[in-house]
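Enquirer: Structure for the following, please:
(chains A and B)
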Amino acid sequence: MKSTDKSIGTTPNGRTDKNWGDSRSMSALQKNSETPRFSNEAMQEAERIFKRYPEDKRQSALLPLLHLAQRDFGGWLSPQALDYVAEVIGIPPIRVYEVATFYTMYNLKPVGKYHVQVCTNISCWLCGSDGIMDALTGKLDLKIGDSSDDGRFTLTEVECLGACANAPMLQINDDYYEDLTPEKVADLIDRLP
Amino acid sequence: MSGQSGTKVVYKNIHLENSHTLAVSKANGGYQAMEKAFGMTPAQVIDQVKKSGIRGRGGAGFPAGLKWSFIPKDDPRPKYLVCNADEGEPGTCKDREILRGDPHLLIEGMIITAYAINAQRAYIYIRGEFVREAEVLQGAIDEAYAAGLLGENVAGRGMHFDLAVHRGAGAYVCGEETGLIESLEGKKGQPRLKPPFPANIGLYDCPTVVNNVETLTSVPDIITKGGDWYSGLGVANSTGTKLFSVSGHVNKPGNYEVELGIPLKTLLNDYAGGVRGGWENLKGVIPGGSSTPILTASQCETVTMDYDALAKAGSMLGAGSVIVVDKSVCIVRAIARLSRFYRHESCGQCTPCREGTGWLAQVMGRLEAGKGTMKDIDMLLDISGNIQGKTICALGDAAAMPIVGAIKAFREEFEYHVEHGRCMVG
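Expert: Numbers count the residues shown, from 1 in each chain, chains lettered A, B, ... in the order given. Presented below is the predicted three-dimensional model:
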């Protein structure tokens, strides 16, 4: 439940159609890059993941394998990466595309080294998420949904992350930062390695 | 029974140091309920859970023991147990405390449940963003396997039970149990038409029980102390303790375990540190998560936190997610934010929800911006009426209910926006 960015791929009633859809067509990307492959370590992890499900239910591994691929392939999933995951599982690529575009955690375009995801849903909003977001757009000099030119930051507005009693909060990569103030946020950004 | 006995069923050990480890769990009674359950028949276990009266803690409130009893007994198909840890209803953060604070209580509850319904395999479907919580959970599962509490011969009792963590990937609708099952099968999380219910056709078309984290972690004490003991907590039709996530404008937001039936005012004043700026500064409370209709301050004076009282007040207990709103807040703006959320989360499967959530968000946005008309207010009710009860799952209702509730309770704020082009407050 992430990006609420409505600037791209918007359907007539205003729903976001995820990150594809503007100028970035799949076929165009396909021409530009090569198919990535799992590292040995990731492949071993993939084998462990498959063992969690019945032998004839390999598609159940799709969500975990997309998480794994995103981690192994630099934080995002290219169309080639999706095709590769389909190949590893042994299912048609369309099954992977429809899943990858349905769930918001799969990044279908590159994200910065630090993916800063700010919750602005009800509890966080009541506790001052507007001020958190203002502090971040100012500090990072980014608009919501954008990435910095140096590839260091992506700033995203997200839906409820389930830490409402410690609002306002945000997530950077795998970690939650809670009970924030605009000052704490500026300090947090400064301390990132 | 006003919720103040201090009895803890779920959060009994999370305050302990290293409460997530097997050693601390075992030193504090962990896995003793499992041993007791193995001395009972599966039917006796289900009977105790039925007697306890516990209702599903994820929001729907369906009696858990009844749900288990729907699993067919003479059926050659494998049975599955799935724990719903896709905590995503805005305002809800109670299960996260269990996942990172007492994962062994969840594992124990799942072993007992699996024994009762004869499941050999189970999954914990945890929301994808809970990366660290999933790590703690996996660590606990690894410990349990190493200790022989999971695997081919659970605790030497001959029961085969495998348990795995499955991370979601950011979709609110996967908290709906059939959407969750689809997601677990590696598909889009689009809910299924019911019937058939998961008890008959669930995961991999097999009989499946899906229970919330809080429900499953209540099971060990129900077994240890008995269904009658548990049903003595709380009030009629709302037995036991409940975790309440209190967020928003209170002095001490947090997760609190109290008996059902506690007056909302007591919960806010005695547990959550009181309303910011004092009780007189209270505007309203969303009592059960973002999809439940808001209560006015005067309703908050007397309402108790149980299924029946909240239904009578025109709202719902939901997941027990209490969102407190003080007088500085524009209700129109708050509800507009929620409408944006539901538009984003509609899975797109049913036309009334896919289109309706978009229209609701647009009209709410227009009103919030001061560009709405009086007709828009009625249009919101009209659109809501065309969504509610007309979709496969409850997400459409969840989108409509807060709007209908807010117009009912705070219509003058909507009208003020139309007449003055701005908020009544601020």
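Enquirer: Now do A:Lys18, the pLDDT please.
Expert: pLDDT, A:Lys18: 43.
Enquirer: Check the one 5 residues further on too.
Expert: Looking at A:Ser23, its pLDDT stands at 37.
Enquirer: Residues of the stretch 101-250 of chain B that sit close to chain A?
Expert: Contact residues (C-beta under 8 Å from any C-beta of the partner chain) of the stretch 101-250 of chain B with chain A: B:121, B:123, B:127-132, B:162, B:164, B:166-172, B:183-189, B:204, B:245-249. C-beta coordinates here come from the backbone N, C-alpha and C atoms, glycine included.
Enquirer: from the residues you listed, which ones fall inside helices?
Expert: Using DSSP state H, the subset of these located in helices is B:Val131, B:Arg132, B:Ser183, B:Leu184.
Enquirer: For chain A, name the helix or strand with the lowest mean pLDDT.
Expert: helix A:26-32 (a mean of 43; mean pLDDT, DSSP states H and E).
Enquirer: where does chain A have low pLDDT?
Expert: A:1-33 (pLDDT under 70).
Enquirer: quick one on the thing from earlier: out of the ones in helices among the residues of the stretch 101-250 of chain B next to chain A, which is most surrounded?
Expert: The most crowded member of those, judged by other C-beta atoms under 10 Å in any protein chain shown, is B:Ser183 (28 neighbours).
Enquirer: ok, it touching A:Leu63?
Expert: Yes. Counting by C-beta atoms under 8 Å, B:Ser183 touches A:Leu63, with 6.7 Å between them.
Enquirer: which residues do these two both contact?
Expert: B:Gly168 (C-beta atoms under 8 Å, 6 or more residues apart in numbering or on different chains).
Enquirer: I'd like to know how far B:Asp397 sits from B:Gly318.
Expert: Applying C-beta to C-beta, to the nearest Å, the value for B:Asp397 to B:Gly318 is 12 Å.
Enquirer: ok, those two, which is more surrounded?
Expert: Between B:Asp397 and B:Gly318, B:Gly318 has the larger neighbour count (other C-beta under 10 Å), namely 26 against 17.
Enquirer: Against B:Pro352, how distant is that one?
Expert: 21 Å.
Enquirer: just B:Val258 next, same as before
Expert: In terms of C-beta to C-beta, B:Val258 sits 37 Å off from B:Pro352.
Enquirer: So for these two, which residue has more residues nearby?
Expert: A direct count of neighbours by other C-beta under 10 Å for B:Val258 and B:Pro352 places B:Val258 higher, at 25 against 19.
Enquirer: Quick one: list the elements packing against whichever strand or helix holds that one.
Expert: Here B:Val258, judged by DSSP states H and E, is contained in strand B:254-259. Under the contact definition 3 or more C-beta pairs under 8 Å, 6 or more residues apart in numbering or on different chains; DSSP states H and E, strand B:254-259 sits against strand B:241-248.
Enquirer: residue ranges for the strands of the chain, please.
Expert: This is for chain A. A:114-119, A:153-158, A:170-172, A:175-177 (DSSP state E).
Enquirer: I was after chain B.
Expert: Counting by DSSP E, the strands of chain B are B:80-85, B:121-126, B:151-154, B:159-167, B:208-212, B:234-235, B:238-239, B:241-248, B:254-259, B:262-263, B:282-286, B:295-296, B:304-305, B:321-326.
Enquirer: Could you dump these into a markdown table with mean pLDDT and distance to B:His344 added?
Expert: Output for the strands of chain B, formatted as a markdown table (pLDDT from 0 to 100; distance: least, C-beta to C-beta, whole Å):
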| stretch | mean pLDDT | distance to B:His344 |
| --- | --- | --- |
| strand B:80-85 | 98 | 21 |
| strand B:121-126 | 98 | 20 |
| strand B:151-154 | 97 | 41 |
| strand B:159-167 | 98 | 20 |
| strand B:208-212 | 98 | 23 |
| strand B:234-235 | 97 | 35 |
| strand B:238-239 | 98 | 32 |
| strand B:241-248 | 98 | 20 |
| strand B:254-259 | 98 | 26 |
| strand B:262-263 | 98 | 33 |
| strand B:282-286 | 98 | 19 |
| strand B:295-296 | 98 | 26 |
| strand B:304-305 | 98 | 29 |
| strand B:321-326 | 98 | 18 |
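Enquirer: of all the ones you listed, which lies closest to B:Met401?
Expert: Proximity of the strands of chain B to B:Met401 was assessed by C-beta to C-beta; the nearest stretch is strand B:282-286, lying at 10.4 Å.
Enquirer: Provide the strand pairings for that closest one, with the direction of each partner.
Expert: Strand B:282-286 has the following strand partners under DSSP bridges: strand B:295-296 (antiparallel), strand B:321-326 (antiparallel).
Enquirer: these two touch, right, B:Gly421 and B:Glu368?
Expert: No. At 10.7 Å, B:Gly421 does not count as touching B:Glu368 under the criterion of C-beta under 8 Å.
Enquirer: Please say which of those two ends up with more neighbours.
Expert: Here B:Gly421 and B:Glu368 are compared on neighbour count by other C-beta under 10 Å; more neighbours surround B:Glu368, at 22 against 11.
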